[in-house]
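> 3D model of this:
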Amino acid sequence: MQTALLTAFGAPREIRELRIPEPGPGGVLTRVAGVGACRSGLNVMSGRSRDGPGTPLVLGHQVAGHVAGLRRRIVLAARTSEHGVVRVVSSRSTAELTLSEATRFRTLLDRAFEGRFTDALWRQALGGVHFFVEEDGVPISHASVVPRLLAVPDRELNTGYVEAVGTRHRDRGKGLARSVLAAAQRHIADNYKLGALHSVLPTFYEHLGWERWRGPTFVRTRSGLMRTETDDGCIHIWRVPAAATLDLDDPISCEWRPGFVW
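Residues are numbered from 1 along each chain as shown. Coordinates of the predicted model:
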């Protein structure tokens with residue numbers, strides 16, 4: 001970003017290129033559209049006043065603009081591991097992730113899936129809310145919930161769709177995936193009419209209360225419904241009150257999307 005930098009009191013300002021900062025925890029990044037010049041700022045520029053921070057200095061505290069970034073980590077739970085390490089369960093929306101945080105999630109998932117976590121799978125994990133366990137600031141388990149629209153006969157349901165569930169290899173079997181999924185399920189119950197996911201490992205999810213969809217699966221395209229036979233038996237739902245009467249033997253469809261439709 002460009003800014004007018006005061007390098008010395010009484011000296012002309014210099015146009016400099018500065019790194020765009022990342023907001024700290026609880027912070028907001030604002031893209032500035034305009035800055036008002038007040039008397040105190042003019043006095044600093046002229047050298048008549050040297051109150052406040054020293055130089056170099058970016059002047060202006062009457063700012064108008066719009067929010068360009070947020071960083072809000074919602075801590076959902078914390079517990080101590082068997083080795084005394086504090087593990088924190090948190091959530092953050094995709095819009096709130098910094099580049100370094102997104103990179104750490106992607107690295108975790110690449111390793112958890114042993115190189116089989118593709119760019120298409122990563123893109124489908126974005127656009128919603130991420131739930132994750134951190135150990136010393138490093139993510140070791142992750143799941144995300146993205147908005148989708150699933151349909152059953154005569155009914156469409158705003159659905160929280162779970163993507164990108166993965167845990168660091170050496171931490172598997174310790175209940176970490178259960179922790180992130182429990183947080184994801186609470187989010188679904190609070191915000192959606194249905195929870196759903198695709199998995200070829202049904203036992204794990206069924207033990208957590210997910211139900212396997214038995215009916216035929218379809219994708220909605222511009223040309224109409226298209227069968228997705230290879231996904232039959234892989235779709236699981238998480239019931240919330242609005243989904244209490246769903247019949248697992250009915251046909252179910254999802255909207256088309258690039259990559260994997262389910």
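> Can you give the domain ranges for the protein?
Using automatic domain parsing, the domain ranges for the chain come out as 2-70, 74-255.
> Could you tell me the least trusted of these?
The minimum mean pLDDT among the domains of the chain belongs to domain 2-70 (a mean of 64).
> what sits against the residue sitting nearest the centre point of the chain?
Residue closest to the average C-alpha location in the chain (Cα atoms, centre = their mean): residue 94, at 3.0 Å. By Cβ atoms under 8 Å, 6 or more residues apart in numbering, the contact list for residue 94 reads 102, 126, 127, 128, 129, 130, 144. Placement of C-beta: from N, CA and C, glycine included.
> Now render those residues as JSON lines, adding distance to residue 12.
Formatted as JSON lines, the contacts of residue 94 follow (distance: Cβ to Cβ, whole Å):
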{"residue": "102", "distance to residue 12": "40"}
{"residue": "126", "distance to residue 12": "45"}
{"residue": "127", "distance to residue 12": "46"}
{"residue": "128", "distance to residue 12": "48"}
{"residue": "129", "distance to residue 12": "48"}
{"residue": "130", "distance to residue 12": "46"}
{"residue": "144", "distance to residue 12": "49"}
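> Are any of those buried, and if so which?
126, 128, 129, 130, 144 (16 or more other Cβ atoms under 10 Å).
> so who does the fourth one touch?
With contact taken as Cβ under 8 Å, 6+ apart, residue 130 is in contact with 91, 92, 93, 94, 97, 105, 142, 143, 144.
> can you put the residues you listed in a markdown table and add secondary structure and distance to residue 262?
Shown next, in a markdown table, are these (DSSP: H, G, I helix; E, B strand; the rest coil; distance: Cβ to Cβ, whole Å):
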| residue | secondary structure | distance to residue 262 |
| --- | --- | --- |
| 91 | strand | 24 |
| 92 | strand | 25 |
| 93 | strand | 23 |
| 94 | helix | 20 |
| 97 | coil | 25 |
| 105 | helix | 22 |
| 142 | strand | 20 |
| 143 | strand | 17 |
| 144 | strand | 16 |
